[in-house]
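Undergrad: have a look at this fold, sequence not included:
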């Protein structure tokens, strides 16, 4: 198995994560509507989880999509989770650069996107990661 997941696996994990976030946001919106919770903070309360899901789970361990497709985002030097602050920066760079960042993945030997390079992270197969940690 290759130590770095294919762009296809990364794409499908991102789609699964988007579905999870959309379902969560939809549920929050329905709850807010059922309790007539409207006002200035409605949109913040409903859409904050959409913006927080990826950095919190990626920074701490892995999102649901990353777990299902068996890969993790880790520090390129440490091999451990990148932490929530770096995951936020990674997300911001990813959103700002969009497709440009993703197009760089096939050209990099470690399949790192620009947003990975910006924060010093690398996406690795979780099975290889566990094997490397157990032999260390």
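TA: Happy to help now that I have it. All of these numbers come straight from a predicted model, not from anything done at the bench. Residues are numbered from 1 along each chain as shown.
Undergrad: buried stuff in the top helix by length along the chain?
TA: Longest helix in the chain by number of residues, with DSSP state H as the criterion: helix 7-34. For helix 7-34, a neighbour-count test (16 or more other C-beta atoms under 10 Å) marks 9-10, 13-14, 16-17, 20-21, 25, 28-29, 32 as buried. Heads up, the C-betas are built off the backbone N, CA and C, glycines and all.
Undergrad: all helices for this protein, in order.
TA: Using DSSP H, helices in the chain cover 7-34, 42-60, 64-68, 84-97, 99-103, 114-119, 126-135.
Undergrad: mind putting those in JSON lines, distance to residue 75 included?
TA: Output for the helices of the chain, formatted as JSON lines (distance: least, C-beta to C-beta, whole Å):
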{"stretch": "helix 7-34", "distance to residue 75": "18"}
{"stretch": "helix 42-60", "distance to residue 75": "11"}
{"stretch": "helix 64-68", "distance to residue 75": "15"}
{"stretch": "helix 84-97", "distance to residue 75": "8"}
{"stretch": "helix 99-103", "distance to residue 75": "18"}
{"stretch": "helix 114-119", "distance to residue 75": "9"}
{"stretch": "helix 126-135", "distance to residue 75": "11"}
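Undergrad: need the buried residues of helix 7-34 in a markdown table with pLDDT and distance to residue 94, can you?
TA: Formatted as a markdown table, these follow (pLDDT from 0 to 100; distance: C-beta to C-beta, whole Å):
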| residue | pLDDT | distance to residue 94 |
| --- | --- | --- |
| 9 | 93 | 16 |
| 10 | 92 | 11 |
| 13 | 96 | 13 |
| 14 | 93 | 10 |
| 16 | 97 | 16 |
| 17 | 95 | 12 |
| 20 | 93 | 17 |
| 21 | 90 | 14 |
| 25 | 85 | 19 |
| 28 | 82 | 23 |
| 29 | 81 | 25 |
| 32 | 77 | 28 |
